[in-house]
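Engineer: Whatever this is, show me its structure:
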Amino acid sequence: MATKSKYFSTLKEAFLLEETKPGESTEYILDVLVDADALVALVKTNEPNHKRAISISEALQKMGCTWYISPFTIGEVITVISHKVNQITAKKVLKELRRQNLNILVLKDEYLHLADNWFNKQNKKGTSYFDCYNMALLERYKNQLNTIFSFDSVYKRNGFKLAEEII
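Structural biologist: So this is what the prediction gives:
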């Protein structure tokens, strides 16, 4: 996992990657956007995808992947844990996630419309705006963040590659 926490409004600011430019095709397979459902599956042992999440996580770590999350991911994770497990566990998970120093990737205000566009393209009841924000991140940085660690079908349905497809 990433070793230094920082809020990035662009990947260029992180000195790790450059913004996607039209016509460029630089591929990086070591940078993964991580969705809340994957983190919940890693934490919650009775979650249906728990064993799969562990396996994928281990494979990504062996590949040397850097993990990125949106600014909403940790909030989503601890809310789900609070509802499905209990508040004490949610507090422990919050502390551990903060300790992990995951890189937080933020869309600049001028690109927030991308998340809105993804939300407006969806027809399925119960669509998560936070998943649409993730799709906007994947779109904005498509040459660098070419995969997402998630079990949500919305990503595959919208043409994004899941992490388990690259391991």
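Engineer: give the contact list for residue 115.
Structural biologist: 107, 129, 132, 133, 135, 136 (Cβ atoms under 8 Å, 6 or more residues apart in numbering). In short, each C-beta sits where N, CA and C put it, glycine included.
Engineer: would CSV of those residues with secondary structure and distance to residue 47 be doable?
Structural biologist: Below are those laid out as CSV (DSSP: H, G, I helix; E, B strand; the rest coil; distance: Cβ to Cβ, whole Å):
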residue, secondary structure, distance to residue 47
107, coil, 28
129, helix, 22
132, helix, 23
133, helix, 22
135, helix, 23
136, helix, 26
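Engineer: For stretch 39-55, give the mean pLDDT please.
Structural biologist: The average pLDDT within stretch 39-55 is 96.
Engineer: for stretch 124-135, same thing?
Structural biologist: Rounded mean pLDDT across stretch 124-135 is 97.
Engineer: Also stretch 140-149?
Structural biologist: On average, stretch 140-149 scores 90.
Engineer: Stretch 81-97 now?
Structural biologist: For stretch 81-97, the mean per-residue pLDDT is 96.
Engineer: List the buried residues of that stretch.
Structural biologist: Residues 81, 82, 85, 90, 93, 94, 97 are the ones in stretch 81-97 that count as buried (16 or more other Cβ atoms under 10 Å).
Engineer: ok, the last one to residue 104 distance?
Structural biologist: For residue 97, the distance to residue 104 under the criterion Cβ to Cβ, to the nearest Å works out to 11 Å.
Engineer: ok, now which ones touch the closest residue to residue 43 other than its chain neighbours?
Structural biologist: Spatially, and ignoring its direct neighbours in sequence, residue 43 is nearest to residue 93 (5.5 Å; Cβ to Cβ, 6 or more residues apart in numbering). Neighbouring residues of residue 93 by Cβ under 8 Å, 6+ apart: 43, 77, 78, 81.
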